[in-house]
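*Asks:* Build the 3D model from these lines:
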Amino acid sequence: MKTKIFVIFTLLIIIEGFLSGCTETNNGLSSEEERFVGTWEPNNEDFPLPIFLNFSSDRVFTQGPIQRNWEVKDGKLILTGDVPQETSRYDYYFTEEDTILHLQTEGQNVYIPYTKVTQ
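*Replies:* Numbers count the residues shown, from 1 in each chain. Below is the predicted model:
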């Protein structure tokens, strides 16, 4: 009887370990937000010194010395700083199998392309 209990207990531990190893964590990002995660370089001659955009999976956005939180809401990319006046909204779309990100400040006419350089 003790042997059966031991075997069952051991199998349960093995099964639990296997199942917990199959769990994927994405920090609560939607599939749309997952597309942003990585480092992006401006793909535009108007930028003589490229300032990379970095979207991390923990929702921190950095651009040079600037650091903000980011999210996708109502089809817009929203960057939020420490005070409400630092909130920026962008229209966006992706091309080239999500390797080119086109950003446009809300209300502007020009999209700026960025090329993904890291995941």
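*Asks:* And the strands in the protein?
*Replies:* Assigned by DSSP state E, the chain shows strands spanning 38-42, 53-55, 60-63, 66-73, 76-80, 88-95, 100-105, 112-118.
*Asks:* Spatially central, which residue of the chain would that be?
*Replies:* residue 37 (3.0 Å; CA atoms, centre = their mean).
*Asks:* ok, that one - contacts?
*Replies:* 29, 55, 56, 57, 119 (CB atoms under 8 Å, 6 or more residues apart in numbering). For every residue, glycine as well, the C-beta is placed using N, CA and C.
*Asks:* Could you count how many residues lie near the fourth one?
*Replies:* Around residue 57 sit 15 other residues, with neighbours defined as other CB atoms under 10 Å.
*Asks:* Neighbour-wise, which one of the contacts of residue 37 leads?
*Replies:* residue 55 (24 neighbours).
*Asks:* Under the pLDDT cut-off, which ranges of the protein? List them.
*Replies:* 1-26, 47-48 (pLDDT under 70).
*Asks:* swap the cut-off to 80 and go again
*Replies:* For the chain, the stretches with pLDDT under 80 are 1-27, 44-50, 83-85.
*Asks:* on that earlier part again, highest mean neighbour count out of the strands of the chain?
*Replies:* Comparing these by mean neighbour count (mean count of other CB atoms under 10 Å), strand 53-55 ranks first with a mean of 22.
*Asks:* Which secondary structure elements does that one sit against?
*Replies:* strand 38-42, strand 60-63 (3 or more CB pairs under 8 Å, 6 or more residues apart in numbering; DSSP states H and E).
*Asks:* what's the closest non-adjacent residue to residue 30?
*Replies:* residue 72 (6.7 Å; CB to CB, 6 or more residues apart in numbering).
*Asks:* I'd like the distance between that neighbour and residue 118.
*Replies:* Relative to residue 118, residue 72 is positioned 20 Å away (CB to CB, to the nearest Å).
*Asks:* now swap in residue 108 and tell me
*Replies:* 27 Å.
*Asks:* And for residue 100?
*Replies:* Distance of residue 100 to residue 118, given as CB to CB: 14 Å.
*Asks:* Right, I'll call it a day here.
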